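Colleague: pasting the sequence and the predicted model now:
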Amino acid sequence: MPGGRLTQQERQQIATGLADGLAYAEIARRLDRPTSTITREVMRNGGPTAYRADLAQRATERRAHRRGRAASRGPKALTEEYGRDAEAVREFEETLTTVFIASGTPRMMARVMACLTLTDSGHLTAAELAQRLEVSPASISKAVTFLEGQGLVRREREEGRRERYSVDDDIWHQSMVASARSTAQVAETSRQGVGIMGPGTPAAVRLENVARYLDFISEAITRAAEQAREILHTKAAPAPDDDTGGAASRPASGHG
């Protein structure tokens, strides 16, 4: 079984296999590669529906170039907090970015989301994001504006004109709730069209079915999001001060 990096020709064969509807395991068998290699390659470069051999090749070359520059700056540039493997972190950030892209997030916005998500503090300034992602401040500003509009990033103004962008657990909750509201709006608009198209007509029946379906989905998402936040993110209340020898903190026995 061959080792080493995938070649341009192999990437083209992967793209052809995906277009033909082949499973990762079958593509791997034809290339005499591990299935995990094919899966990682595809998911890192747009997913099965967006994979392109030429873009994947260029992305690999860029990653190799970045690794070379980091290595030339010395061991300090490769260190990570908490003793993490710096290369593994970079690889995972690229994978997470790809997953965000596959879910419909534009590439630059996905890169910003992944970078913020993997930052221990959960927040970075525009300058810090631009430096980490090696892009212009204008690109960061555009990406943050988009993500803020989607409820995926929070903008906080510090002293002076500097802004800091952050993500936290509640960001995803708010995003789910916003998505549910948007879905409910589509349902309501669809229902308004029933009268316009004429009750009982094929188009009106279709609109009513769409409205009923989306109403159900919207309510289910909202309910699930609220339950998840209550169950997963409710912190235990601090124990009361024990000024009476602990009696106040002990439950009643239920006996007279």
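Modeller: Arrived safely, thanks for sending.

Colleague: list the contacts for Glu91?
Modeller: Arg44 (CB atoms under 8 Å, 6 or more residues apart in numbering). (Each C-beta comes from the backbone N, C-alpha and C, glycine too.)

Colleague: what's the answer for Thr97, then?
Modeller: So Thr97 contacts 107, 110-111, 113-114 (CB under 8 Å, 6+ apart).

Colleague: isn't there a helix covering it?
Modeller: Yes - counting by DSSP: H, G, I helix; E, B strand; the rest coil, Thr97 is part of a helix.

Colleague: which one of the contacts of Thr97 is nearest Val89?
Modeller: Ala114 (10.8 Å; CB to CB).

Colleague: distance of that closest one from Asn45?
Modeller: Ala114 sits 15 Å away from Asn45, going by CB to CB, to the nearest Å.

Colleague: what of Leu133?
Modeller: Leu133 is 18 Å from Asn45, by CB to CB.

Colleague: look at those two and report which has more neighbours.
Modeller: Under the neighbour definition other CB atoms under 10 Å, Leu133 and Asn45 were set side by side, and Asn45 has more, 23 against 19.

Colleague: and the residue nearest to that one when sequence neighbours are not counted, what does it touch?
Modeller: Computed as CB to CB, 6 or more residues apart in numbering, the closest residue to Asn45 that is not its neighbour in sequence is Ala56, at 4.0 Å. Taking CB under 8 Å, 6+ apart as the criterion, Ala56 is in contact with 11, 14, 41, 44-46.

Colleague: cool, Arg52 as well?
Modeller: Contact analysis of Arg52 by CB under 8 Å, 6+ apart lists 15, 45-46.

Colleague: in helices, which of those fall?
Modeller: Counting by DSSP state H, these place Ala15 in helices.

Colleague: where is pLDDT lowest across the contacts of Arg52?
Modeller: Among these, Gly46 carries the lowest pLDDT, at 78.

Colleague: hmm, it is touching Leu55, no?
Modeller: Yes - Gly46 lies in contact with Leu55 (CB atoms under 8 Å); the separation is 7.1 Å.

Colleague: more neighbours: these two, which one.
Modeller: The neighbour comparison of Gly46 against Leu55 (other CB under 10 Å) goes to Gly46, with 17 against 14.

Colleague: the domain parsing of the protein - what is it?
Modeller: Domains of the chain are assigned by automatic domain parsing as 1-78, 100-167, 169-233.

Colleague: deepest of those domains, which one?
Modeller: domain 100-167 (a mean of 16; mean count of other CB atoms under 10 Å).

Colleague: for that one, measure first residue to last.
Modeller: 15 Å (CA to CA, to the nearest Å).

Colleague: same thing with stretch 112-129?
Modeller: End-to-end distance of stretch 112-129: 7 Å, with CA to CA as the criterion.

Colleague: who touches stretch 166-173?
Modeller: Counting by CB under 8 Å, 6+ apart, 113, 116-117, 122-124, 151-154, 156, 225, 228-229, 233 sit against stretch 166-173.

Colleague: tell me the one of the residues you listed nearest Ala178?
Modeller: Nearest to Ala178 among the contacts of stretch 166-173, with distances taken as CB to CB, is Gly151, at 4.4 Å.

Colleague: that closest one is in contact with Ala180, isn't it?
Modeller: No - using CB under 8 Å as the test, Gly151 is too far from Ala180 to be in contact (11.2 Å).

Colleague: can you give me the helices in the stretch 101-250 of the chain?
Modeller: Using DSSP state H, counting those that start in this stretch, the helices of the stretch 101-250 of the chain run over 107-117, 126-133, 137-149, 169-197, 202-233.

Colleague: make a markdown table from these and add mean pLDDT and distance to Pro34 to it.
Modeller: Putting the helices of the stretch 101-250 of the chain into a markdown table (pLDDT from 0 to 100; distance: least, CB to CB, whole Å) gives the following:
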| stretch | mean pLDDT | distance to Pro34 |
| --- | --- | --- |
| helix 107-117 | 91 | 25 |
| helix 126-133 | 90 | 30 |
| helix 137-149 | 90 | 35 |
| helix 169-197 | 90 | 33 |
| helix 202-233 | 92 | 35 |
